[in-house]
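S.K.: for reference, the sequence and a predicted model appear below.
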Amino acid sequence: MLQIKFFGLGGQGVVTASKMLSYAVSLCEDKYAITVPSYGHERRGAPVYTSIIVDDVPVLLNCFVYEPDIVLAMDDALLEKGINVAGGKKPSSVLVLNSGDPKKVEAFKKLGFSKMYYVDGTGLALKHIGRGIPNGSMLGALACTGIVAIDSIEKAIVESFGPKAGPLNSAAAREAYECIKVA
């Protein structure tokens, strides 16, 4: 069983990304997944997090993740906003970060994750879809952890966003996957 936690801010597509990940592993890879979102104030810019559990057998839990194996941070300003993305991490926990700012990457390195992947997901979203919504690109970055294949992510994105926005978001995911950096 893999426990995953997505952190972000309202308007970045955190909940949508978690649902697309569940779709990718459940329908494209013949595994099982459950997604449990948590909203604070439902407004743009408010903290949002989602818990996802993935397993090879049916997931019988329906709860938040408190000790994540993988953490995805959709915004490099989360630390400045007082959001503890390292809460409950294990010595083997991995971080996937949306950042193109070397200073912020360094700040996240200090959190002590065993491995950190990072990419400018917002920049790739702007390039491919014309909007700073990084959910598709960050799912491509998440595929670098090996939890899901990039082809499955692309299929889930196209299925979720449809024939117009799907291929654009899929291209952002693929580019994030191909240009990921490891710290």
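M.R.: Nice, I can see it.

S.K.: where does the protein have its least confident helix or strand?
M.R.: strand 32-39 (a mean of 89; mean pLDDT, DSSP states H and E).

S.K.: my guess is Val85 meets Met74, correct?
M.R.: No: contact criterion CB atoms under 8 Å: Val85 and Met74 do not qualify, at 10.1 Å. Yep, even glycine has a C-beta here, placed from its N, CA and C like the rest.

S.K.: these two: which is more packed in?
M.R.: More crowded of Val85 and Met74, by other CB atoms under 10 Å: Met74, with 25 against 22.

S.K.: how about the nearest residue to that one, chain neighbours excluded?
M.R.: Sequence neighbours aside, Gly8 is the residue nearest to Met74 in space, at 3.2 Å (criterion: CB to CB, 6 or more residues apart in numbering).

S.K.: sorry, back to before: what is in contact with Val85 and Met74 at once?
M.R.: Common neighbours of Val85 and Met74 are listed as Phe7 (criterion: CB atoms under 8 Å, 6 or more residues apart in numbering).

S.K.: flag the shaky bits of this structure, pLDDT-wise.
M.R.: 39-43 (pLDDT under 70).

S.K.: which residue is nearest the middle of it?
M.R.: The residue lying closest to the centre of the chain (CA atoms, centre = their mean) is Leu72, at 4.3 Å.

S.K.: hang on, that residue in a strand?
M.R.: Yes: counting by DSSP: H, G, I helix; E, B strand; the rest coil, Leu72 falls inside a strand.

S.K.: ok so, going back, wait, isn't the residue nearest to Met74 in contact with Ala46?
M.R.: No: in this structure, Gly8 is not within contact of Ala46 by CB under 8 Å, at 10.0 Å.

S.K.: between those two, point out the one with more neighbours.
M.R.: Counted by other CB under 10 Å, Gly8 and Ala46 do not tie: Gly8 has more neighbours, with 27 against 14.

S.K.: surely the more buried one is within a helix?
M.R.: No: according to three-state DSSP, Gly8 belongs to no helix; its state is strand.

S.K.: mind listing the residues bridging to it?
M.R.: Gly8 has these beta-bridge partners by DSSP bridges: Val48.

S.K.: need the contact list for the closest residue to Pro91 other than its chain neighbours.
M.R.: Nearest residue to Pro91, sequence neighbours excluded (CB to CB, 6+ apart): Ser114, at 6.3 Å. Ser114 is in contact with 91-94, counting by CB under 8 Å, 6+ apart.
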